[in-house]
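>>> Predicted model and sequence below, questions to follow.
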Amino acid sequence: MEDKSTIRNAFKMKLKPGFEAEYKKRHDEIWPELQVLLSETGIQDYSIFLDKETLILFAVQKINPDFDEKYLPNHPLVKKWWAYMADIMDTNPDNSPIAIPLKEVFHLD
């Protein structure tokens, strides 16, 4: 049963060609301090899926209702992670991944 104290959030990003294995490796070795930061700011049950045909990354996570969406993008650790990932993903000028929010159209508990 869905935890009513969290909100499902989904978005898509794009991987550059030839970096599928590197993207997985970097996330398999995600910095422990980044994991703690994400958890402490209210992100949980976070998964990223790859469509190998299109190189679209589909992310889904649960966030606390009081999650501050402006906090993480300004955090130095997140900016460092974005810079680390910028060579293998489509990014904005500030190195943040181009992330397109997705609208939920169906859910089944």
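Received the coordinates, thanks.
>>> quick one, strands of this protein?
When assigned using DSSP state E, the strands of the chain occupy the ranges 7-14, 43-51, 56-63, 100-101.
>>> Pairing partners for the last one, with directions?
Looking back up the chat, that one is strand 100-101. Strand 100-101 sits in its sheet next to strand 7-14 (antiparallel), going by DSSP bridges.
>>> And the second one, by the same measure?
Next to strand 43-51 in the sheet, as set by DSSP bridges, lie strand 56-63 (antiparallel).
>>> With D94 as the reference, name the closest of the strands of the chain.
strand 7-14 (14.6 Å; Cβ to Cβ). Bear in mind the C-beta positions are built from the backbone N, C-alpha and C, glycine included.
>>> coming back round to it: tabulate the strands of the chain (JSON lines), appending mean neighbour count.
Output for these, formatted as JSON lines (neighbours: other Cβ atoms under 10 Å):
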{"stretch": "strand 7-14", "mean neighbour count": "16"}
{"stretch": "strand 43-51", "mean neighbour count": "13"}
{"stretch": "strand 56-63", "mean neighbour count": "17"}
{"stretch": "strand 100-101", "mean neighbour count": "10"}
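>>> how about those strands in a markdown table, adding distance to D90 and mean pLDDT?
What follows is those, written out as a markdown table (distance: least, Cβ to Cβ, whole Å; pLDDT from 0 to 100):
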| stretch | distance to D90 | mean pLDDT |
| --- | --- | --- |
| strand 7-14 | 4 | 97 |
| strand 43-51 | 14 | 97 |
| strand 56-63 | 10 | 98 |
| strand 100-101 | 10 | 98 |
